[in-house]
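> A structural model of the following input is requested.
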Amino acid sequence: MYDFPEDLRDAQLALHRTRAAYERYAAGLPWSAEPMPGWEGEKQLHSGYRSGKADSPGYTAEQAVEVARYQAELLRLSTQVAAHAYWATLDNGVVDARMALKHAHETADEAV
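Numbering: from 1, shown residues only. Okay, the predicted model is just below:
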């Protein structure tokens, strides 16, 4: 349907992969970047459930560097995709084209 340039497709795929890698990495991090005391919420009405979190040691220096690296790469890739010259070539339907680009790699994977 859309004839996306290869560099735009590659940047979008790299953005997908980097986001997924960042989310996997972040899942193992403490809940707070800075050391924070834990907390326990009030008992919920008609339930014994209490929300809460244990103390957070905060991120180590290495973890903070890795998070910053991921965030910088995500910003670079998302800017590369959003500001690509291809979007200026479309008269209308830019939103639909951007949505299609997010799934363009799925079509390529199915063709292989």
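
> for the chain, what spans make up the helices?
6-27, 61-82, 94-102, 104-111 (DSSP state H).

> got TSV for those helices, with distance to L45 and mean neighbour count too?
Where you see a C-beta, it was placed from the backbone N, CA and C, and this is true even at glycine. Formatted as TSV, those follow (distance: least, Cβ to Cβ, whole Å; neighbours: other Cβ atoms under 10 Å):
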stretch	distance to L45	mean neighbour count
helix 6-27	31	14
helix 61-82	38	14
helix 94-102	42	14
helix 104-111	45	11
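
> And the residue nearest the centre of the protein?
Residue closest to the mean C-alpha point of the chain, counted by Cα atoms, centre = their mean, is R19 at 3.7 Å.

> To S47, which of the helices of the chain lies closest?
S47 lies closest to helix 6-27 among the helices of the chain, at 26.9 Å (Cβ to Cβ).

> okay, the angle between that closest one and helix 61-82?
Counting by axes from the mean of the first three to the mean of the last three Cα atoms, to 10 degrees, helix 6-27 lies at 150 degrees to helix 61-82.

> and helix 6-27, what other elements does it pack with?
The contact analysis (3 or more Cβ pairs under 8 Å, 6 or more residues apart in numbering; DSSP states H and E) places helix 6-27 against helix 61-82, helix 94-102, helix 104-111.

> looking at those, which is closest to S32?
helix 61-82 (11.6 Å).

> Next, format the helices and strands packed on helix 6-27 as a markdown table and append mean pLDDT and distance to E6.
Formatted as a markdown table, those follow (pLDDT from 0 to 100; distance: least, Cβ to Cβ, whole Å):
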| stretch | mean pLDDT | distance to E6 |
| --- | --- | --- |
| helix 61-82 | 98 | 13 |
| helix 94-102 | 94 | 12 |
| helix 104-111 | 68 | 11 |
